[in-house]
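Asks: here is a sequence with its predicted model. Questions after.
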Amino acid sequence: MILLNVLRNIQTTRMPVWLMRQAGRYLPEYRELRNKADGFIDFCLSPELAARATLQPIEKFGMDAAILFADILLIPFAFDQKVVFNEGGGPILEALSEEKQLGLLNWDIERLNPVFETIERVYDELDDDKALIGFSGGLWTVACYMMQGRSQPSFPKALACAQYDPEFMKFLMDALHDATLEYLGRQIEAGVDVLQIFDSHAGLLQGAFFDKYVIQPTKDLVAALKAEYPNVPVIGFPRGASLSDYEKYAAETGVDCVGLDQDVPLEFARRTLRLIKPLQGNLDPELLLKGGAPMKNEAEKIFRELGPNHIFNLGHGIIKETPPENVADLVSFVKSLTV
Ligand code: CP3
């Protein structure tokens, strides 16, 4: 598998490619499947539909990896926190704020059994040369949603708690560590080849807070995973982190690969981060939305600066208005770039 070769530092002749949110609303086939389920959580927990959603983009575009169709908010769901996704809008969770509510957290991994069944189905169907990626949210990012209750640009409740109520945060982060470790372990047992930790809101923190709520929890989680599953590579994605925090994340967390958002300059990636770990990502999703020459020029630049041992991906998920033709165009163009 070409994706695993990059993660294991084995020389490749082209960049493996997959795209964050490659299964999603930009695809008409996805929207059709989505309509067959009652709600989004239901969709994630229907192995037959979720397996189809996972495989659709691979069948259509030929990416080198499939990412399990699920969501980072299944962890709060398995804590028995109410989670709903409104049509078109973001998720809404029954927000946690009082300690007594936290005491009610009631983790039950069995609620996620359908996810492991989805993995088994995909594993059976996926070509041997394609990797299957499992995932979770970073603990900080999941804590943001659990405390805030909904997507916000800045998650003020989680930030205030990190600053003024470290005991409460510790309690929540410890619970999330245990839950995430168990969930990811079960994903590995079911058949995923690689894990990605999406710390989408890492960029809300800097310096000492970044150390405490992003670096340390990631390091502990990766160490615990590696103790049991030393051969399963982990990709960490501290989206929005400052460049110095990116560097620390690459050096200290123990992840095998670092995901780059579109704001990380390629030169910094090449001169600094690339010397520490293999990298993934960086293409601005807006360029994929526009398509054509500007998209290809930037993809070629990524290849020149970081390739071929770089996992080609976006800096964040595919924007839902993106024409599927642009995705087809990008994947075949990236695969044509060889040394
Ligand atoms: O193709 C894939 O990437 C695999 C599946 C996947 C989904 N969510 C499906 C999804 C993955 C890896 C995720 C991760 C996820 N979920 C993250 C981390 C990555 C990121 O985007 O920063 C986050 C923060 C979430 C939480 C989440 N899920 C939000 C904020 C939303 C609403 C906003 C949106 O983009 O719609 C979701 C819903 C969601 N998760 C959809 C999909 C395909 C759209 C739901 C729909 O069909 O209506």
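Replies: Happy to help now that I have it.

Asks: OK, contacts around the spatially closest residue to residue 149 that is not a sequence neighbour?
Replies: Distances taken as CB to CB, 6 or more residues apart in numbering place residue 95 nearest to residue 149, at 3.0 Å, with adjacent residues excluded. For every residue, glycine as well, the C-beta is placed using N, CA and C. Taking CB atoms under 8 Å, 6 or more residues apart in numbering, we find residue 95 in contact with 146, 147, 148, 149, 150, 157.

Asks: go through these and name the one nearest residue 87.
Replies: Residue 87 has its nearest neighbour among the contacts of residue 95 in residue 150, at 14.7 Å by CB to CB.

Asks: ok so, going back, the residue nearest to residue 149: which element?
Replies: Here residue 95 sits in a region with no helix or strand, counting by DSSP states H and E.

Asks: tell me which strands and helices the longest helix seen in the chain is in contact with?
Replies: Counting by DSSP state H, the longest helix found in the chain is helix 166-190. Secondary structure elements in contact with helix 166-190, counted by 3 or more CB pairs under 8 Å, 6 or more residues apart in numbering; DSSP states H and E, are helix 74-78, helix 99-103, helix 113-125, strand 131-137, helix 139-148, helix 156-164, strand 194-198, helix 216-228.

Asks: and these, which one's lowest on average pLDDT?
Replies: Mean pLDDT across the helices and strands packed on helix 166-190 is lowest at helix 99-103; the value there is a mean of 59.

Asks: distance to residue 16 and mean neighbour count added to the helices and strands packed on helix 166-190, as CSV?
Replies: Compiled in CSV, these are given as follows (distance: least, CB to CB, whole Å; neighbours: other CB atoms under 10 Å):
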stretch, distance to residue 16, mean neighbour count
helix 74-78, 26, 22
helix 99-103, 41, 12
helix 113-125, 18, 18
strand 131-137, 8, 23
helix 139-148, 25, 26
helix 156-164, 34, 16
strand 194-198, 11, 24
helix 216-228, 21, 17
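
Asks: ok, the residue lying closest to residue 206 once chain neighbours are set aside - contacts?
Replies: In this structure, residue 206 finds its nearest non-sequential neighbour in residue 242, 5.8 Å apart by CB to CB, 6+ apart. Shown in contact with residue 242 (CB under 8 Å, 6+ apart): 203, 206, 210.

Asks: run through the residues of this protein sitting next to the ligand.
Replies: 20-25, 34, 40, 67, 69, 71-73, 85, 90-91, 135, 151, 198, 200, 317 (CB under 6 Å from any ligand atom).

Asks: switch to 5 Å and redo it
Replies: 21-24, 34, 67, 71-72, 90, 151, 198, 200, 317 (CB under 5 Å from any ligand atom).

Asks: where does the prediction get shaky in the protein?
Replies: 97-104 (pLDDT under 70).

Asks: if we go to 90?
Replies: Scanning the chain for pLDDT under 90 picks out the ranges 38, 81-82, 85-90, 94-106, 148-154, 165, 167-168.

Asks: can you name the residue of it nearest the ligand?
Replies: Using CB to the nearest ligand atom, residue 200 is the residue of the chain that sits closest to the ligand, at 3.2 Å.

Asks: my guess is that residue contacts residue 241, does it?
Replies: No - contact criterion CB atoms under 8 Å: residue 200 and residue 241 do not qualify, at 10.9 Å.
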